[in-house]
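# model this:
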Amino acid sequence: MDEANVGLGLRLAPSGNQKSEFDHRVRLASNIEARLNAVILTPTETWIFYRAIFFPKVFYPCKITVLSKHEWETILRPCTGSLLSKLGFNKHTARAIVFGPMRLGGIGMRHGYAQQGSEGVAHFLTHVREGKDIGKMLLNTLSHFNLFPGSYEVY
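Numbers count the residues shown, from 1 in each chain. Prediction:
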């Protein structure tokens, strides 16, 4: 049986299947959108809500999930339009602007796929830099993966 276990806010099946986690994140985002649409917030309050509540709640398991870009777009779709409207932007604003960095003229919202990638790399580097068993095992695995295409560089 491939039933997901719930532990510390992450749903993960023994086989590594993350469909349960994906379904939970979609329900969570839809629930947040319904609550968000029911209240009146200023743009400043909306931004505080996004950074203090939405971001941590939705992106919490990012460092150990492997959801696709399409799955993250499905998760974020319900809330992105509502957040943009509450921030004073057109909800059909190009996503390149929505998820673009503020220093380049974007709104500065984070996409789940990019967040997942950056947190995953940071999580990997933390284990490797600590020099403990898990970091050594990760480096061994990476070295083995390098042998498959013919690279003989060992880490």
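
# CA only for contacts and neighbour counts going forward, please
Noted.

# Return, as residue ranges, the portions of this protein with sub-threshold pLDDT.
Filtered on pLDDT under 70, the chain yields the residue ranges 1, 4-5, 7, 150-155.

# Mind jotting down where the strands sit in it?
Here the chain has its strands, by DSSP state E, at 5-7, 10-12.

# What distance do you get for the most centrally placed residue in the chain to residue 44?
The residue lying closest to the centre of the chain (CA atoms, centre = their mean) is residue 112, at 3.4 Å. For residue 112, the distance to residue 44 equals 22 Å [CA to CA, to the nearest Å].

# hey, where'd the helices end up in this protein?
All helices of the chain, identified by DSSP state H, fall at 19-37, 43-49, 55-59, 69-87, 95-98, 112-130, 133-147.

# Can you list the buried residues in the first one?
Along helix 19-37, these residues count as buried under the neighbour rule (16 or more other CA atoms under 10 Å): 19, 20, 21, 22, 24, 25, 26, 29, 30, 32, 33, 36.

# just the third one next, same as before
Residues of helix 55-59 classed as buried: 55, 57, 58, 59 (neighbour count, 16+ other CA under 10 Å).

# now the fourth one
Within helix 69-87, the residues scored as buried using 16+ other CA under 10 Å are 71-72, 75-76, 78-87.

# now stretch 42-49
Within stretch 42-49, the residues that qualify as buried by neighbour count (16+ other CA under 10 Å) are 43, 46, 47.

# Kindly report the same for stretch 101-121.
By neighbour count with 16+ other CA under 10 Å, stretch 101-121 contains the buried residues 107, 109, 111, 112, 113, 116, 117, 119, 120.

# Over to stretch 138-154?
Under the neighbour-count criterion of 16+ other CA under 10 Å, stretch 138-154 has 139, 143, 144 buried.

# Could you let me know which of those ends up closest to residue 101?
Using CA to CA, residue 139 is the member of the buried residues of stretch 138-154 that lies nearest residue 101, at 32.2 Å.

# Check the gap between that closest one and residue 124 for me.
From residue 139 across to residue 124, the span is 10 Å (CA to CA).

# got TSV for the buried residues of stretch 42-49, with distance to residue 133 too?
Written out in TSV, the entries for the buried residues of stretch 42-49 read as follows (distance: CA to CA, whole Å):
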residue	distance to residue 133
43	47
46	43
47	41
